[in-house]
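Participant: For reference, the sequence and a predicted model appear below.
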Amino acid sequence: MIEAEVEYCLFHGDVWWLCLTVSEWASWVQAIGTVAAVFAAVLLAWGTSRSAHKQARAAIGGFAAQVHFGTMRLEKAAVEQRGDDYLANIAQLRDLMRAAESTRLDLLPMAWIRPYLQLREAVALAIDKCDRAGQVDNFGYWLVVARDARSEVVELVQQLPLK
């Protein structure tokens, strides 16, 4: 004679789908646990990705603001004819460019990539022009180069969808 397996019921009562054997309960617990684990993994990945996107956007916004103010300081140094400040501001812009190279473009929205790369290219070109201008002892020329650099940077910063 075959013995019937003992069934355990979720609630007191004799509802057939709430009374299962030990192996059936184990299967259900495993299935529910698997679904919960997959859901948790997706949530964790989504949260991490979203955080990385926010950090990348903040880095771009910070870079744009620092470049904008850096070119303003560069122009001010040329207006006030302070050669040491002019060269120091060029060095600061160069440091900003090095830091910007580590920004992961794959974390940026598509609409941000082109303006950001154009801004980086414009800053690199401005640094090169200002370096060459710094070799000439003519503050008027420094001022023209610094103003050109600032106006181009301001235009490109305004194209970034920072909001």
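Facilitator: Structure received.

Participant: The one helix or strand Tyr86 maps to packs against which elements?
Facilitator: Assigned by DSSP states H and E, Tyr86 belongs to helix 83-100. Counting contacts by 3 or more CB pairs under 8 Å, 6 or more residues apart in numbering; DSSP states H and E, helix 83-100 packs against helix 22-79, helix 110-134, helix 139-159. All C-beta spots, glycine's among them, are computed from the backbone N, C-alpha and C.

Participant: Which positions in stretch 20-27 come out as buried?
Facilitator: Within stretch 20-27, the residues that qualify as buried are Leu20, counting by 16 or more other CB atoms under 10 Å.

Participant: In stretch 60-78, which residues are buried?
Facilitator: Neighbour counts using 16+ other CB under 10 Å place 60, 63-64, 66-68, 70-71, 73-78 of stretch 60-78 among the buried residues.

Participant: Now these in CSV, please, with extra columns for distance to Asp128.
Facilitator: Shown next, in CSV, are the buried residues of stretch 60-78 (distance: CB to CB, whole Å):
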residue, distance to Asp128
Ile60, 22
Phe63, 18
Ala64, 20
Gln66, 19
Val67, 15
His68, 19
Gly70, 15
Thr71, 14
Arg73, 18
Leu74, 13
Glu75, 17
Lys76, 20
Ala77, 17
Ala78, 16
